[in-house]
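>>> sharing a model that was predicted from the sequence below.
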Amino acid sequence: MQPLLTGDPRRIGPYLVVGRLGAGGMGAVYAAVDGSGRRVAVKLVHETLSVDLEFRRRFSRETSVLAGVEGACLARVLDSDAGTERPWLATEFIPGPTLEQHVEAEGPLTGDALYGLAAGVAEALVAMHAAGVVHRDLKPPNVILSPQGPRLIDFGIAKVLDSTSMTHTGTLIGSPGWISPEEYGDGNTGTPADVYGWGLLVLYASTGEPPYGTGRLEVLAYRVREQIPDLQAVPEDLRDLVGRALAKDPAERPAAADVLAAVTETWQGEEPGTEPGDVTSFIQRTWVLPSHEAPDWPEVVVAPAPPTRLLRSEEPVTAPATAEAAAAVSGANNAPVTAAGRPSRASWIHAYVATAAAVTLITVTAIIAASASERSTPVVTQAAPASPVQATVAPAPVATATVTPAPAESPKKKPEAAGRRVSFKGVSLTLPKGWRMTTDGDDRACVESPRSGGADGPWDFFCRPDSMAVELTSTKDDWPGFGIEDSEFGFMWGQHVPCLTGGSVLRDPYGSISDDEGEAGLYYGIDPYASRLVHSGLAKMRDGRKAYYREWQVACEVNLVYTMMVWYLPQSKVAFYVLSAHPEDEKGYKQIIASVDLRGYKHAAKL
């Protein structure tokens with residue numbers, strides 16, 4: 001379990017969040033507890049999907065179906081909410097390592113462990129297919145080797161077998177190298193795709209290696225469609241079954257029920273009395289993998305609910321605040337978590353009043369912040385009348401108060417960093433010593449430090465990736481305008497974003513040119529779901545304006561990260577950004593922004 005990040009929620013629905021379990025294409029997964037202390041895994045949908053009404057409709061339909069799927073080797077769906085601000089799905093928490101983690105640490109499975117895995121995953125597929133659901137993402141990280149046997153998890157992209165699907169036509173679903181051949185074509189995807197995934201899992205567990213190796217997406221796609229994996233490491237009595245499950249033609253694969261029956265019959269050995277329906281008890285009797293310690297969960301103390309009162313309580317309602325505070329502390333130091341009980345019926349009035357007051361305060365604050373986002377308006381003290389003003393308060397004695405205007409004070413200015421003052425189309429700023437500005441003669445300019453020299457490959461940026469770009473006609477329809485309020489993927493300025501660690505594109509030695517990516521396939525890309533927003537606020541400029549400021553830590557496909565810095569003035573339509581900032585230059589860029597004056601720019605918003 002990982003600690004919670006700054007932007008992570010402390011409560012999702014009725015669940016108290018205590019840690020972070022991982023993230024995927026659909027959302028982040030959190031460790032949480034309910035009011036009774038039961039441990040659950042809650043998947044919170046990404047904000048980008050939350051605003052898609054069609055996604056919400058499908059999510060609601062499919063989660064209702066998934067809640068009815070019952071299987072001994074499945075992580076059961078416990079609860080969901082498609083109508084909240086960000087939809088979520090809660091499943092039971094399964095302790096233990098994933099198949100991938102176990103194989104990497106201990107090596108391939110053998111004997112009863114391998115047969116138990118084959119039988120358990122097949123049993124899970126039988127349960128899912130009986131309910132009309134296809135998993136579509138069978139891979140080693142989605143199988144937990146629990147103390148009681150294998151468990152299939154993550155129904156994030158499962159598909160209901162009817163006219164609706166959570167995936168749009170033409171979208172490739174699943175993980176490269178673990179996708180069935182028909183999913184790369186135009187054929188319909190159904191239960192045979194899961195049987196194919198079962199064969200890949202058994203082959204992986206037998207060899208400890210991905211069935212089709214590793215490589216670029218198009219390389220893996222070619223191998224899946226054209227090559228036959230080597231099955232020699234699979235036990236002889238399972239080899240034919242795995243081979244039929246991996247047939248390129250879906251029609252030639254056995255059904256999940258036939259796979260389960262064949263594995264159980266082969267595995268029984270000297271216990272022929274065991275029927276396929278008893279596979280769960282058979283797994284429990286023969287499961288030989290050692291128990292692994294569960295992640296460190298904070299101790300959970302369930303607070304008793306306060307007694308019900310018939311009259312309105314004069315005591316403050318503190319239970320919800322206690323629960324939120326406990327959640328915030330638990331992520332940091334594993335202190336005991338107090339899950340608050342339900343408040344008494346008489347306290348709802350207090351909760352309503354407090355909520356109304358909080359909403360009003362938030363609204364007023366948002367209005368003030370919006371008006372201050374680009375200009376700082378000085379507060380002018382109104383001059384008092386010549387005669388004193390008398391204020392009468394009844395029934396107290398009359399009090400006389402004289403209002404005297406305070407003398408105007410000159411604002412104290414911070415000393416500016418030494419440097420050279422330059423101007424571009426009326427936008428003036430101060431460059432640190434050794435820095436320079438270049439322009440293309442249009443509405444764009446580049447500010448380069450002595451370290452700027454990054455290469456941009458086929459992307460052909462108008463500024464080097466490690467320099468500051470200045471754009472004077474940047475609307476909300478362009479980046480960074482459309483991404484400035486996106487706290488999750490606001491750094492995505494295009495479809496194929498390259499890794500820019502060190503200020504330059506990074507060549508992938510195994511890359512190749514493809515129809516989809518073109519020359520971009522020759523370079524490493526980024527991992528959008530591992531990237532994160534590290535700073536969000538306002539940056540004050542010399543003329544009193546305040547620009548939106550965002551700082552991102554962008555993660556690459558390989559184990560590298562870099563910093564992206566963005567400043568944006570939506571009313572003046574002016575943007576400053578550095579796609580990949582050298583750590584030594586970050587202070588210089590901030591000093592430049594603090595020195596910016598737009599009063600000479602004819603299209604600047606009025607102060």
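Now that the structure is in, tell me what you want to look at.

>>> for the rest of this, base every contact and every neighbour count on C-alpha atoms.
OK.

>>> and the gap between G419 and V578?
Going from G419 to V578 by Cα to Cα, to the nearest Å gives 20 Å.

>>> give me the more crowded residue out of these two.
Taking other Cα atoms under 10 Å, G419 and V578 do not tie; V578 has more neighbours (25 against 14).

>>> which strand residues bridge the more buried one?
Listed beta-bridge partners, V578: M468, M565 (assigned using DSSP bridges).

>>> pLDDT score for it?
With respect to pLDDT, V578 scores 96.

>>> and what of G71?
At G71, the model reports a pLDDT of 82.

>>> could you find the closest non-adjacent residue to it?
Using Cα to Cα, 6 or more residues apart in numbering and skipping residues adjacent in sequence, the residue nearest G71 is A127, 5.5 Å away.

>>> OK, contacts around Q553?
Residues near Q553 by Cα atoms under 8 Å, 6 or more residues apart in numbering: S531, R532, L533, V534, V561, Y562, T563, M564.

>>> checking it next. Helix, strand or coil?
Per DSSP: H, G, I helix; E, B strand; the rest coil, the secondary structure class of Q553 is strand.

>>> which residues does it form beta bridges with?
Q553 forms beta bridges with R532, T563, as assigned by DSSP bridges.

>>> please tell me how far it sits from Y562.
From Q553 to Y562 the distance is 6 Å (Cα to Cα).

>>> G96 now?
Distance check for G96 against Y562: by Cα to Cα, it reads 33 Å.

>>> what about the stretch 501-607 of the chain, any weak spots by pLDDT?
Scanning the stretch 501-607 of the chain for pLDDT under 70 picks out nothing.

>>> all strands of it, in order?
Under the criterion DSSP state E, counting those that start in this stretch, strands of the stretch 501-607 of the chain are mapped to 532-540, 546-555, 561-569, 574-581.

>>> same question for the stretch 51-200 of the chain.
For the stretch 51-200 of the chain, applying DSSP E, counting those that start in this stretch gives strands covering 77-81, 88-92, 133-134, 143-146, 149-152, 159-160.

>>> how about those strands, which one is nearest E100?
Smallest distance to E100 across the strands of the stretch 51-200 of the chain (Cα to Cα): 8.1 Å, for strand 143-146.

>>> other SSEs contacting that closest one?
Counting contacts by 3 or more Cα pairs under 8 Å, 6 or more residues apart in numbering; DSSP states H and E, strand 143-146 is packed against helix 99-106, strand 149-152.

>>> just name the most buried of the ones you listed.
Ranked by mean neighbour count under mean count of other Cα atoms under 10 Å, those are led by strand 149-152, which reaches a mean of 27.

>>> packing partners of it?
The helices and strands touching strand 149-152, judged by 3+ Cα pairs under 8 Å, 6+ apart, are helix 111-130, strand 143-146.

>>> what stretches of the protein score poorly on pLDDT?
24-25, 155-174, 186-188, 268-282, 284-286, 288-418, 441.

>>> which residues in it form helices?
Here the chain has its helices, by DSSP state H, at 47-50, 53-66, 99-106, 111-130, 191-207, 217-226, 236-245, 256-268, 279-286, 319-333, 348-372, 586-594.

>>> what comes into contact with the shortest one?
Surrounding helix 47-50, the residues in contact under the criterion Cα under 8 Å, 6+ apart are M26, F55, R56, E85, R86, P87, E488.

>>> who wins on neighbours among those?
P87 leads these on contacts (other Cα under 10 Å) with 23 neighbours.

>>> so that residue makes contact with T63?
No: using Cα atoms under 8 Å, P87 makes no contact with T63, being 10.6 Å away.

>>> shared neighbours, the two?
S80.

>>> please name the bridge partners of S146.
Here S146 sits in beta bridges with G149, going by DSSP bridges.

>>> count the residues that sit near it.
Residues near S146, counting by other Cα under 10 Å: 21.

>>> how about P97?
21.

>>> quick check: it vs P176, distance?
22 Å.

>>> V263 too?
To P176, V263 is 27 Å away according to Cα to Cα.

>>> which residue is the nearest non-sequential neighbour of S514?
G521 (6.4 Å).

>>> isn't the one you found up against I513?
Yes: applying Cα under 8 Å, one finds G521 in contact with I513, separated by 5.2 Å.

>>> mind listing what K602 touches?
By Cα under 8 Å, 6+ apart, K602 lies in contact with G426.

>>> who's in contact with G511?
Residues in contact with G511 (Cα under 8 Å, 6+ apart) are R216, G521, L522, Y523, Y524.

>>> how does this structure divide up, domain by domain?
Here the domain parsing of the chain from automatic domain parsing is 1-93+318-341, 95-287, 345-372, 420-594.

>>> select, out of the ones you listed, the one closest to Y601.
The closest of the domains of the chain to Y601 is domain 420-594. By Cα to Cα, the value is 4.1 Å.

>>> and that closest one, how far out from the chain middle?
How far domain 420-594 lies from its chain's middle: 22 Å, per Cα atoms, centre = their mean, to the nearest Å.

>>> span of that domain from start to end?
Domain 420-594 stretches 14 Å from its first residue to its last (Cα to Cα).

>>> how about stretch 133-145?
Termini of stretch 133-145 sit 22 Å apart (Cα to Cα).

>>> report the buried residues of that stretch.
Neighbour counts using 16 or more other Cα atoms under 10 Å place V133, V134, H135, R136, D137, L138, K139, P140, N142, V143, I144, L145 of stretch 133-145 among the buried residues.

>>> wait, the last one sits on E100?
No: counting by Cα under 8 Å, E100 is not a contact partner of L145; they are 9.7 Å apart.

>>> and F461, how many residues sit next to it?
Burial measure for F461: 11 neighbouring residues, criterion other Cα under 10 Å.

>>> again with P9
17.

>>> residue contacts, the nearest residue to it once chain neighbours are set aside?
Spatial nearest neighbour of P9, excluding adjacent residues (Cα to Cα, 6+ apart): V17 at 7.1 Å. The contact partners of V17, by Cα under 8 Å, 6+ apart, come to P9, R10, R11, Y30, A31, A32, V33, A327.

>>> next one: V17 from H582, what distance?
36 Å.

>>> ditto for V447
From V447 across to H582, the span is 13 Å (Cα to Cα).

>>> again, but for E183
Distance, E183 to H582, using Cα to Cα: 42 Å.

>>> now T473
Using Cα to Cα, T473 is found at 26 Å from H582.

>>> neighbour count: those two, which is higher?
Legend: neighbour count by other Cα under 10 Å for T473 and H582, higher for H582 (20 against 15).

>>> pretty sure the more buried one contacts G503?
Yes: between H582 and G503 there is a contact under Cα under 8 Å: 6.9 Å.

>>> overlap in contacts of these two?
Common neighbours of H582 and G503, using Cα under 8 Å, 6+ apart, are D466.

>>> quick one: the strands in the stretch 351-500 of the chain?
Using DSSP E, counting those that start in this stretch, the strands of the stretch 351-500 of the chain run over 389-391, 399-401, 420-424, 427-431, 436-439, 444-448, 468-471.

>>> right, I'll leave it there.
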